[in-house]
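*Asks:* compute the structure for the input listed below.
(one chain, ligands or ions: 3)
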Amino acid sequence: MTLSRRRFLLGAGTLVGACALTDALRPVRAAPGMSMPMKSADRKMPQLTAPKVPLLNPTSLSKFVDALPVPPIARAAGQRTHPAYPGRTLPLYRMQMQAFRSRLHRDLPPTPQWGYNGSSPGPTIQTTRGEPLLIEWANNLPTTHFLPIDHTIHGAEKDKPLVRAVTHVHGARVPAGSDGWPEDWYVPGKSLQYHYPGVQDAATLWYHDHAMGITRLNIYAGLFGAFTVRDAEELALNLPSGDYDLPLMLCDRLIAKDGQLYYPVSDDPSAPWVSECHGNAVLCNGKLYPYFEVEPRRYRLRLVNVANTSFFDLSLSHDHPFQQIASDQGLLTAPLERSHIQLYPAERADVVIDFSGLDGQSLQLRQQSEGILEFRVRDRGGHDTSALPAALRPVPRIDPASAVQHRQLALGEQDDAGGNAMTMLLDGKMWSDPISEKPRQHTTETWSFVNITGDAHPIHLHLVRFQIIDRRPFDLFAWNAHRIVKYTGPAQPPPPHETGWKDTVRADAGMVTRIAMRFDGEPGRYVWHCHFLEHEDNEMMRPYELLPA
Ligand code: C2O
Ligand code: CU
Ligand code: CU
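*Replies:* Ligands and ions are numbered 1, 2, ... in the order given. Presented below is the predicted three-dimensional model:
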């Protein structure tokens, strides 16, 4: 592979409140095709890219003056039959992707965005196990994009339409034809009908755009929403429900002074891709610093990290605890009291927060040390009949010894001579390389992600739920010299909050992260990828094929 494209990282130094650019400080970067990892001292400082527009100073905004939006629950538009479900009629939902404007904050002018049914997050799609449904995803977007497309990225070449979209329900067990294959995008004026069989346990899933080469831009524009699955076992637990159960979708954005969304570009106009995108403020269900009036009782909040690359470290003021009840793919075995919840992009945590006894008080949800949402506790005379049972459900551990295949997959990147990331790679392969992962239906496999980059990457597999077996440090020099994994320390089992069912796992730098899963679901082509959207769009996504049993 030639090092033809020079990439620059976004410099965050000039951004108020933005995460610092730590990339240049990371100890070691190595990539397939490079014989030795470079140490930071050898690395040229990536050229910093100043934002091209004046950015908002979020500290100048009045805090907690807007109510937290709660996305509406999607309603079926009618009932339809479908050949895959003979003798049944299924509810049909219509979701329209469209441009709209909304105020991110009382004191900002309306911000142009894209969303489903005219909002971002879009309506929450509530489903129940055993009840299949149909969704028509209609692309009613304009024909030009308002964010900068990099035409040198695979799948986003100049001959492709500027505006393309295809929706994927993250974490859903659906047939390949309804999964939102990235190349199955379609243009404004077109729509696609997908079917969702409803064959999975209760969980907080989310839907989002997945169009090849521009997913990062389409999601940044606002194309996402929550998709919840309920089931009888979870309902029987009597957890907080109805108005006391809501998604909280968090993302950071670079917001310009005039309220527009700014997406960063490199200093090379022919290749504007940046390897990470960190915002200057966090949106909670589409608002900056909202407040939420709550009753002195239990609430269930479904926290979803829908950011492009940023990781959230969430806590409550006054050391108030979260009770975490679920991770990506549903309930844990028991509630876990936690002071901090850390979420990488696409990860979820359902938490119960108990506001009882706090009438008249306020609590803040913090991202690191900054309050991003204020809860105001007001007694309205209600009575909390919900429960937080001591046991939630069994999560039987997968025995790695039952696996029929153990795959070792490197997470790498191709750098230029200056050490700037140009392309992110899975197992040294590009998206268009032949399919190499072909698990067989109803078998168990383990996948080991050998992270040879200087960053953690959130790795996501479509279709399946998995368990984290362990993370283990390895010798990067031995890998670079001989492509062998030489462990340098003991395997670390996942902490309790990571022992539930997952669909996205943080693969740490310098570690081998091992997961186990059983490939149930229908045969066909699916994808797995890094959920840093900048990486996913630039080759850190691969197809896999589920072969029939
Ligand atoms: Cu959140 Cu490929 O998906
Ligand atoms: Cu997914
Ligand atoms: Cu990545």
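
*Asks:* for the residue nearest in space to the middle of the chain, what are its contacts?
*Replies:* What sits nearest the mean C-alpha location of the chain, by C-alpha atoms, centre = their mean, is Ala346, with 1.9 Å. Neighbouring residues of Ala346 by C-beta atoms under 8 Å, 6 or more residues apart in numbering: 170, 206, 305-306, 328, 458, 460, 503-504, 531. In this view, the C-beta of every residue, glycine as well, is placed from N, C-alpha and C.

*Asks:* next one: Asp313
*Replies:* Per C-beta under 8 Å, 6+ apart, neighbours of Asp313: 340-342, 367-368.

*Asks:* sitting in helices, which of those residues do you find?
*Replies:* The helices, defined by DSSP state H, take in nothing from those.

*Asks:* between the residues you listed, which sits nearest Asp433?
*Replies:* Taking C-beta to C-beta as the measure, Gln342 is the one of the contacts of Asp313 closest to Asp433, at 33.1 Å.

*Asks:* may I ask which helix or strand encompasses the closest residue to that closest one other than its chain neighbours?
*Replies:* Counting by C-beta to C-beta, 6 or more residues apart in numbering, Asp313 is the residue found nearest to Gln342 once chain neighbours are left out, at 5.2 Å. When elements are assigned from DSSP states H and E, Asp313 belongs to strand 312-316.

*Asks:* could you point out which element follows that strand?
*Replies:* Immediately after strand 312-316, counting by DSSP H and E, sits strand 322-327.

*Asks:* paired strands for that following strand, with orientation please.
*Replies:* strand 330-338 (antiparallel), strand 348-354 (antiparallel) (DSSP bridges).

*Asks:* closest one to Leu133 among these?
*Replies:* strand 330-338 (18.5 Å).

*Asks:* in that closest one, what counts as buried?
*Replies:* 330-332, 335-336, 338 (16 or more other C-beta atoms under 10 Å).

*Asks:* before we move on, what about stretch 417-427?
*Replies:* Buried-residue list, stretch 417-427, by 16+ other C-beta under 10 Å: 419-427.

*Asks:* equivalent analysis for stretch 282-302, please.
*Replies:* 282-292, 294-302.

*Asks:* same question for stretch 131-151.
*Replies:* Buried residues in stretch 131-151, counted by 16+ other C-beta under 10 Å: 132-135, 137-141, 145-146, 148-150.

*Asks:* dump the contacts of Ala346 to TSV, plus distance to Pro264, neighbour count and secondary structure.
*Replies:* Formatted as TSV, these follow (distance: C-beta to C-beta, whole Å; neighbours: other C-beta atoms under 10 Å; DSSP: H, G, I helix; E, B strand; the rest coil):
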residue	distance to Pro264	neighbour count	secondary structure
His170	24	23	strand
Trp206	24	26	strand
Asn305	19	25	strand
Val306	18	26	coil
Asp328	28	26	coil
Pro458	20	22	strand
His460	23	24	strand
Asp503	28	27	coil
Thr504	24	24	strand
His531	19	26	coil
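
*Asks:* grab the nearest non-local neighbour of Leu223.
*Replies:* Asp209 (4.1 Å).

*Asks:* which residue does this protein bring closest to ligand 1?
*Replies:* His170 (3.4 Å; C-beta to the nearest ligand atom).

*Asks:* related to what we said a few turns ago, with the buried residues of stretch 417-427 in mind, which one is nearest to Gly87?
*Replies:* Using C-beta to C-beta, Leu426 is the member of those that lies nearest Gly87, at 42.1 Å.

*Asks:* make sure the closest one is actually in contact with Pro543.
*Replies:* No. Counting by C-beta atoms under 8 Å, Pro543 is not a contact partner of Leu426; they are 10.4 Å apart.

*Asks:* coming back round to it: give me the three-state assignment for the residue nearest to the centre of the chain.
*Replies:* coil (DSSP: H, G, I helix; E, B strand; the rest coil).

*Asks:* that one and Glu233: what is the separation?
*Replies:* Using C-beta to C-beta, to the nearest Å, Ala346 is found at 25 Å from Glu233.

*Asks:* thinking again about what came up before, go through the buried residues of stretch 417-427 and name the one nearest Val464.
*Replies:* Taking C-beta to C-beta as the measure, Val464 lies nearest Leu426 of the buried residues of stretch 417-427, at 16.4 Å.

*Asks:* can you tell me the closest non-neighbouring residue to that closest one?
*Replies:* Excluding its sequence neighbours, the residue lying closest to Leu426 (C-beta to C-beta, 6+ apart) is Arg542, at 4.7 Å.
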